[in-house]
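Colleague: Predicted model, plus sequence, below.
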Amino acid sequence: RDGAKKFEFQAEVNRLMDILIHSLYSHKDIFLRELISNASDALDKIRFLSLTDKSVLGEGSTAVMDIRIWADKASRQLFIRDRGIGMTQEDLVKNLGTIAKSGTSAFLEQMQKGGDMNLIGQFGVGFYSVYLVADWVEVVSKAPGGKQYIWASGADGQFTVSEDEGENEDLGRGTLIKIHLKEGEEEYADEARLKALVTKYSEFINFPIYLQATTEKEVPVEEEAADEKSEKESEEAEKESEKEEDEESEKDEKEDDEGDVVDEEDEEEEEKKPKTVKQNVTEWEHLNDNKAIWLRKAKDISEEEYNKFYKAVSKDYDDALNRIHFKAEGDVEFKALLFIPKRAPWDFYDNIQRAKPKATPGGTASAGLKLYVRRVFISDDVDELLPRYLSFLRGVVDSDSLPLNVNREMLQHHASLRTIKKKLVRKALDAIKKMADDEAACNADDSSDDAEKPTGDACKAFGTFWKEFGRALKLGVLEDDNNRGRLAKLLRFYTSKSPKELTSLSGYVSRMKPGQKTIYWIAGMSQDEVARSPFAEKLVAEGYEVMYLTDVLDEYVMQQLTEFEDFKFANIAKEDVDTTAEAEGEDKEAAAKAKKEAAKALKESFKPLTSWWKDLLGSKVAGVKLSKRLSSTPCVVVASKWGQSANMERIMKASAF
Ligand code: ADP
Ligand code: MG
């Protein structure tokens, strides 16, 4: 193409395209889902802009917000056109080739590990999936008020961008994707196949999608056509119709005589038949009824519909683990349909450990909850909607209480958003608690109310949840002062009494020794290491349960919790653990006194050793003391009550944060 500028794809994008174009993946049709989803995103954007500036929509047919799909089987071409926001020349260069999103390399890594191609959209590189079926793609695009440009590539390492000088129709606004299908992928130019696929992928797209369909139809021969015929012909036709009329009036009379009035329809048909012919007609068939599922009543929505919607909104290909569908009333009104995925989004733990999600030029790859105001999509990246630790939730929030005609920044700080957030968090934690309760009910021994017991997946849901999102709840304990108590109840750990099955803090409390007032824990690298620790051995020997904390977050969590249901927590690797305080009965005081005296005497008798040792080590240690906690290990190095524990020191050194 004359005057086209050539560009090299960014290296990782290039690798990705190379994999896609040579892929033998068997569900190539996902490309259509990705392109429809991009068209829908682009329409969301222009609709949002039009709230504050109506002129961006243009006039006449340009103002219509829809998606149209058509194909030409003979030339193996497929076309998808939207009237969305379009792309400028610079957008085309950046968005479709030169900027790698954080998802690009993450997706490549997943693919290398045998991950599913299906997840491509979640990684924010969905567009390139078109090369699963195409060997040449052109993207014709026009942003409001700009010129029309053509992006083109055969996935051979480079692409071109040039001004469209009349090569394609003027789009007015939006994007036309012209796909040249590879040999063997002709099925994607087949109308019946396209109809099935578009229906499958577009059910929950909020804009009308039309497919051009060819059907054989009886079409009336138009009057004008008759006029064009030679006069002679029309004269003949006139005569004929006169003749017909005569016959019919005769018939009418006859029928009237018989008093039968039923045959009216037959008469009409006889009259029409000669005026129609069979013809191939192309028509735009509307394939989705763009319904907002979250506005409907839960009881009217089938499991299948929920799952389809989840997949559309999350770009996941698996069903959701759980869903939360509710309506909030009062000062702030909104409807919400949230889903808990079965697996953590790929960038979830990357993002929540940063103060703010990574700001890549292409935006965050896996978008979060979608915020709508009165059915108009506003953003899927509103920080104020959910706390970070719950940002794995997917779905939609639609509010009537937010203003429509403000920009996103103003919306982010709207007071109603705080109320919405609070309610979303509460509902989400309730749903998680319900999963935990169901699991507990499944495991309970009592057979009294078997009929009420949850079964099947409901019994396993919390286990799956904990595996994927347990760390998110721990981060919640660190961050969410208002819900710390609720979150603590949801935490799970291994302990000396439950080394293989995760247990809750209330589980620990239920197994406490009579009079025990402290929850003991020890943190380290592995369960094996902490179980063999000399700190734990004496307590365990005395029958106390010790929590084995092996996640780097656990020690931070314990610092935040300090107590649970009036029980204090104690890190047994620190110096002041003394189980005598736990003894019960009248002789408690006497026992303590006797113990104290014995300890004093012992301390005196060992003074020569401890002083010698302290002198030897000097400032390397704070002190050398006799231990009351060891049963078979001769000596240990411990952290002081107010000092950093060894485990914490290691975590800080590794600078996990
Ligand atoms: P994602 O949609 O997750 O951002 P894609 O690879 O599907 O990732 O698309 C990359 C980018 O290209 C989009 O973010 C968008 O900026 C741009 N884009 C793709 N298709 C269109 C379209 N039909 N209209 C406008 N922009 C588009
Ligand atoms: Mg996309």
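Modeller: Cool, got the structure. Ligands and ions are numbered 1, 2, ... in the order given.

Colleague: what pLDDT, on average, does the helix or strand containing Arg426 get?
Modeller: Counting by DSSP states H and E, the element that carries Arg426 is helix 415-443. Taken as a whole, helix 415-443 has an average pLDDT of 95.

Colleague: Tell me which residues of that helix come out buried.
Modeller: 416-417, 419-421, 423-425, 427-429, 431-432, 434-436, 438-439, 441-442 (16 or more other C-beta atoms under 10 Å). C-betas here are computed from N, CA, C, even on glycine.

Colleague: before we move on, what about stretch 24-38?
Modeller: If you call a residue buried by 16+ other C-beta under 10 Å, then stretch 24-38 has these buried ones: Lys28, Asp29, Ile30, Phe31, Leu32, Arg33, Glu34, Leu35, Ile36, Ser37, Asn38.

Colleague: thought Glu187 was touching Arg193?
Modeller: Yes. Between Glu187 and Arg193 there is a contact at 5.0 Å, judged by C-beta atoms under 8 Å.

Colleague: now the closest residue to Gly524 other than its chain neighbours: how far from Pro499?
Modeller: Distances taken as C-beta to C-beta, 6 or more residues apart in numbering place Val530 nearest to Gly524, at 4.0 Å, with adjacent residues excluded. Using C-beta to C-beta, to the nearest Å, Val530 is found at 10 Å from Pro499.

Colleague: Touching both of those two, which residues are there?
Modeller: Tyr548 (C-beta atoms under 8 Å, 6 or more residues apart in numbering).

Colleague: For these two, indicate the residue with more neighbours.
Modeller: Legend: neighbour count by other C-beta atoms under 10 Å for Val530 and Pro499, higher for Val530 (24 against 12).

Colleague: helix or strand for that one, which one?
Modeller: According to DSSP H and E, Val530 maps onto helix 527-531.

Colleague: Give the burial count for the closest residue in space to Leu417 that isn't next to it in sequence, as a bare number.
Modeller: Among residues not flanking Leu417 along the chain, Glu384 sits closest, at 4.7 Å (C-beta to C-beta, 6+ apart). Per other C-beta under 10 Å, the neighbour tally for Glu384 reads 14.

Colleague: Now do the same for the residue nearest to Gly524: its pLDDT.
Modeller: Note on Val530: pLDDT of 91.

Colleague: Pull the contacting residues for it.
Modeller: Contacts for Val530 (C-beta under 8 Å, 6+ apart) come out as Ile522, Ala523, Gly524, Ala536, Tyr548, Leu549, Thr550.

Colleague: just checking, which of these belong to strands?
Modeller: Cross-referencing those against strands under DSSP state E gives Ile522, Ala523, Tyr548, Leu549.

Colleague: Pull the most distant pair out of the residues you listed.
Modeller: Farthest-apart pair in the ones in strands among the contacts of Val530 is Ala523 and Tyr548; separation 8.3 Å (C-beta to C-beta).

Colleague: Who has more neighbours out of these two?
Modeller: Ala523 (27 against 23).

Colleague: Beta-bridge partners for the nearest residue to Ala213 once chain neighbours are set aside, please?
Modeller: Nearest residue to Ala213, sequence neighbours excluded (C-beta to C-beta, 6+ apart): Glu285, at 4.5 Å. Glu285 has these beta-bridge partners by DSSP bridges: Leu211.

Colleague: Do I have it right that Glu285 meets Thr214?
Modeller: No. Contact between Glu285 and Thr214 fails when scored by C-beta under 8 Å: they sit 10.1 Å apart.

Colleague: what's the neighbour count on the residue of the chain found nearest ligand 2?
Modeller: In the chain, the residue that lies nearest ligand 2 is Gly126 (3.6 Å; C-beta to the ion). By other C-beta under 10 Å, the residues close to Gly126 number 21.

Colleague: for the stretch 151-300 of the chain, what spans make up the strands?
Modeller: Shown for the stretch 151-300 of the chain, the strands assigned by DSSP state E, counting those that start in this stretch span residues 158-163, 174-181, 209-220, 276-286.

Colleague: isn't Leu295 right next to Phe334, touching?
Modeller: No. Using C-beta under 8 Å, Leu295 makes no contact with Phe334, being 11.0 Å away.

Colleague: what do those two both touch?
Modeller: Residues touching both Leu295 and Phe334 (C-beta under 8 Å, 6+ apart): Asp398.

Colleague: Looking only at neighbour counts, state which of the two leads.
Modeller: Between Leu295 and Phe334, counting by other C-beta under 10 Å, Phe334 is the more crowded of the two (24 against 13).

Colleague: low-scoring stretches of the stretch 351-500 of the chain, by residue?
Modeller: 352-367, 446-450 (pLDDT under 70).

Colleague: List the residues that contact Ala312.
Modeller: Applying C-beta under 8 Å, 6+ apart to Ala312 gives the contacts Ser37, Tyr201, Glu203, Phe204, Ile205.

Colleague: export those residues to TSV and tack on distance to Lys275 and pLDDT?
Modeller: Formatted as TSV, the contacts of Ala312 follow (distance: C-beta to C-beta, whole Å; pLDDT from 0 to 100):
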residue	distance to Lys275	pLDDT
Ser37	46	95
Tyr201	41	88
Glu203	39	86
Phe204	43	89
Ile205	40	91
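
Colleague: Quick one: which of those residues is the most crowded by neighbours?
Modeller: When neighbours are counted by other C-beta under 10 Å, Tyr201 leads the contacts of Ala312 with 23 neighbours.

Colleague: Dihedrals phi and psi, the closest residue to it other than its chain neighbours?
Modeller: Leaving out its chain neighbours, the residue that sits closest to Tyr201 by C-beta to C-beta, 6+ apart is Arg33, at 4.2 Å. Torsion angles at Arg33 (phi, psi; degrees, to the nearest 10) stand at phi -60, psi -40.
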